[in-house]
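In: attaching a predicted model along with its sequence, questions to come.
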Amino acid sequence: MFSGVDPGPEGRKRPGMARSARPLLVLLLLLAGALRAAEPDAEEPAIRRLNDDYVRAYLASDVARFSALLGDDFTAVLASGVVVGKAEFLRLAAVRPDALDLRLHDVTIRVYGEAALVGALVGYRRSDGADVRTRYTSVFVRRDGRWVLVSVQWTRVVAAK
């Protein structure tokens with residue numbers, strides 16, 4: 001033992017006790033894994049904050065914040081169908097949007113290891129009074145321990161006729 005003292009006959013019987021405890025230890029480890037799998041993904045709050053930052057940056061035309069959020073390989077599909085890269089997106093982001101009372105609905109976040117998808121319905125009003133509804137899907141990936149936005153696609157929601 002650690003102290004160099006012989007534990008005597010009582011102490012020598014303990015290895016059998018350790019063998020009988022192994023199944024209990026395995027069961028506890030399996031239960032802990034199952035409980036961890038049942039919990040909401042620990043990354044979801046971080047992704048939610050980044051999504052909120054994205055929306056705030058949009059409303060404030062905060063090009064510096066967008067620049068920090070976006071990966072160098074970022075691409076966006078705008079509601080018009082036009083595909084732009086990071087540089088063009090930042091140029092467009094510098095123009096203050098005509099979006100009053102913007103609200104997110106039905107926000108969903110799904111984390112898949114090193115990738116996460118965010119989807120939402122967005123409603124806002126333009127200064128001319130027109131109501132606008134779009135849906136977007138964003139893709140975040142974890143790089144060097146940090147989440148970055150690599151793709152977003154906006155789709156205009158057309159009113160049902």
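Out: Cool, got the structure.
In: quick one: Tyr124 and Val158, what's the gap?
Out: 16 Å (Cβ to Cβ, to the nearest Å). C-betas here are computed from N, CA, C, even on glycine.
In: likewise for Val55?
Out: 22 Å.
In: returning to that earlier point: the more surrounded of Tyr124 and Val158?
Out: Tyr124 (18 against 7; other Cβ atoms under 10 Å).
In: contacts only, for that one.
Out: Ala99, Leu100, Asp101, Leu102, Arg103, Asp131, Val132 (Cβ atoms under 8 Å, 6 or more residues apart in numbering).
In: relative to Ser80, how far out is it?
Out: 17 Å.
In: also Arg110?
Out: 26 Å.
In: the two - which one has more neighbours?
Out: Arg110 (12 against 8).
In: so that one sits in a strand?
Out: Yes: with DSSP: H, G, I helix; E, B strand; the rest coil as the criterion, Arg110 is located in a strand.
In: out of everything not next to it in sequence, what's closest to it?
Out: Leu117 (4.8 Å; Cβ to Cβ, 6 or more residues apart in numbering).
In: could you measure from that neighbour over to Ala94?
Out: As judged by Cβ to Cβ, Leu117 and Ala94 stand 27 Å apart.
In: I'd say Thr137 and Leu117 touch.
Out: Yes: counting by Cβ atoms under 8 Å, Leu117 is a contact partner of Thr137 at 6.3 Å.
In: against Asp41, how distant is the residue nearest to Arg110?
Out: 12 Å.
In: can you give me the helices in the chain?
Out: Under the criterion DSSP state H, helices of the chain are mapped to 8-12, 14-38, 44-60, 63-69, 86-93.
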